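Colleague: pasted the sequence and its predicted model underneath.
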Amino acid sequence: MVALATREIVRHVASLPKQPMHATGGGRKLAKSLRESLPETGEPFETLAKLLFSKLIPRTFNTASPGYMAYIPGGGLLHAAVANLIADSVNRYVGVWIAAPGLAQLEANVVQWLCEIVGYQGPTRPGGVLTSGGSMSNLIALVTARQTKLGDRFDDGVVYVSDQAHHSVLKAARFAGFRDDQVRVVATDARFRLSASGLREAIARDLHEGNRPFLVVASAGTTNTGAIDDLDAVADVAAGNALWFHVDGAYGGFFAMTARGKRALRGLERADSVTLDPHKSLFLPYGTGALVVRDAERLRAAHAMHATYLPPMQPDVDFADFCDLGPELSRDFRGLRVWLPLKLHGAGVFRAALDEKLDLAQAACEAIRQLPGVEIVAEPELSLFAFCLSREGMDARALDKLNRALMKDINRRQRVFVTGTMARGRFVLRVCILSFRTHADRVAMLIEDVALAVARAGA
Ligand SMILES: *Cc1c(COP(=O)(O)O)cnc(C)c1O
């Protein structure tokens, strides 16, 4: 079974560059044809593998392709899949330290490496927890901030986010028990960055009205246009008002491994907590997120709970019981799929790959900027930029239609896949270069396909 699966996987991955970018037409019919009741008897693995590899996997967005520049790519390193095979096969329990001290230490090492990347240093002991993704990390951060700053009564607490914050932050606020009117959405500047003066004014208003400001969430690379908030300026405001300072680095956080990224993310190390998403900018398969916090004790104080049927927990935060650091008790040994690739390759390989993405995004943006009628809406702060066609005197509706058609035309050739979003009320196209499989050859195809579509759109 493993041999057959491996053969199919190898064939699939080898053919990735040639596979189409998206093939989900007829999806409803396909989905309906698959419905069935609980099977009473089994079928051979060959049949089931064929269903997966021949029929279902091809009918998808090709998120692992080098041409996938849509949403936020990642790619899915195969080394992590091998780690998953091992972790799931031995099925050890790593949620409590005493059940697997050595394995828990590997996962704790991973968390400490992430703290290093963020730039955390004493005097408090930094720590964190691996999660299923950035949304869960943002939720854990919000609950930790709430417990630390407000305690059990928080109906007058106020959260500050920018109008470009990821919607998972708003979702997290709701899950953490806040009404929508306890979230202040602060305006952004011309580069889509949270306005520090706008933030200060909003806080002053709330204090005047007797509310309790307790948390500001900044973005280290927005999903929309890749904007990086002025983290130092936001940190100053947070410090001046005793707010918890959370940074959502789900897309951009790992660029702190590079020299340019570190400059762009200056102030990241001042955050009380940072969301990172190894399944984005560390290229791992979906299902791996992380939250790191400056003071691990805050995380534990917010989440630890006692139960008589559980084994004893460790009094020392250096020997982490992961179940005390988040909402999950039983979970996969997700540390291994971060640990194995980092140990196999070393951080340098990841740093170089991220540096390459920065170069590729710059090059793509410069080439697209030269095309007639194209406006760069957001420059690549990291590896994401946004552009659109602009036409003197054309009304907004017609312009949106033109740009939607442009996107469709670019994607029609099936060599690259880009998506769009709304920026300041306009539909714009965005390019996010983040797969470890994306190199200069594919970026050349992007430039060609955009140029062709722009030419066809006419002047
Ligand atoms: C993707 C993303 C999230 C959500 O992370 P998931 O891993 O998809 O849950 C949060 N914030 C930002 C900025 C993101 O790009």
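Modeller: Right, received. Where do you want to start? Keep in mind it's a predicted model, so treat the numbers as computed, not measured. Residues are numbered from 1 along each chain as shown.
Colleague: distance from the chain centre to the helix or strand where residue 83 lies, please.
Modeller: Under the criterion of DSSP states H and E, residue 83 resides in helix 78-90. On the basis of Cα atoms, centre = their mean, to the nearest Å, helix 78-90 sits 22 Å off its chain's mean C-alpha point.
Colleague: next one: stretch 35-48
Modeller: On Cα atoms, centre = their mean, the centre of stretch 35-48 falls 35 Å from that of its chain.
Colleague: the helix holding residue 83: which residues count as buried?
Modeller: 79-80, 82-84, 87 (16 or more other Cβ atoms under 10 Å). From N, CA and C alone the C-beta is placed, and that goes for glycine too.
Colleague: could I get the average pLDDT for that helix?
Modeller: What helix 78-90 shows for mean pLDDT is 97.
Colleague: in CSV, list the C-alpha atoms belonging to it.
Modeller: Extracted C-alpha coordinates of helix 78-90, given in CSV (Å, rounded to 0.1, in the frame of the first residue of the first chain):
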residue,chain,number,x,y,z
LEU,A,78,7.2,16.5,0.9
HIS,A,79,9.6,16.1,3.8
ALA,A,80,6.8,17.2,6.0
ALA,A,81,4.6,14.5,4.5
VAL,A,82,7.2,11.9,5.5
ALA,A,83,7.3,13.3,9.0
ASN,A,84,3.5,13.0,9.1
LEU,A,85,3.7,9.3,8.0
ILE,A,86,6.1,8.6,10.8
ALA,A,87,4.1,10.6,13.4
ASP,A,88,0.8,9.1,12.5
SER,A,89,2.2,5.6,12.2
VAL,A,90,3.8,5.6,15.7
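Colleague: helices or strands next to it in the packing?
Modeller: helix 2-14, helix 335-345 (3 or more Cβ pairs under 8 Å, 6 or more residues apart in numbering; DSSP states H and E).
Colleague: with mean pLDDT added, can I get those helices in TSV?
Modeller: Shown next, in TSV, are the helices and strands packed on helix 78-90 (pLDDT from 0 to 100):
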stretch	mean pLDDT
helix 2-14	96
helix 335-345	98
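Colleague: can you put these in TSV and add mean neighbour count?
Modeller: Output for those, formatted as TSV (neighbours: other Cβ atoms under 10 Å):
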stretch	mean neighbour count
helix 2-14	12
helix 335-345	20
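Colleague: tell me the residues of the stretch 151-300 of the chain that contact the ligand?
Modeller: For the stretch 151-300 of the chain, the residues in contact with the ligand (Cβ under 6 Å from any ligand atom) are 166, 168, 219, 222-223, 248, 250-251, 277, 289.
Colleague: which among those residues count as buried?
Modeller: 166, 168, 219, 222-223, 248, 250-251, 277, 289.
Colleague: list the residues that contact residue 193.
Modeller: Listed by Cβ atoms under 8 Å, 6 or more residues apart in numbering, the contact set of residue 193 reads 162, 227-230.
Colleague: which one of the residues you listed has the most neighbours?
Modeller: With neighbours taken as other Cβ atoms under 10 Å, the top of these is residue 229, carrying 31 neighbours.
Colleague: correct me, but it touches residue 219?
Modeller: Yes: applying Cβ atoms under 8 Å, one finds residue 229 in contact with residue 219, separated by 5.3 Å.
Colleague: now the common contact residues for these two.
Modeller: 162, 194.
Colleague: show me how the protein divides into domains.
Modeller: Domain assignment for the chain by automatic domain parsing gives 1-36+43-70+346-459, 85-345.
Colleague: which of those sits most buried?
Modeller: domain 85-345 (a mean of 20; mean count of other Cβ atoms under 10 Å).
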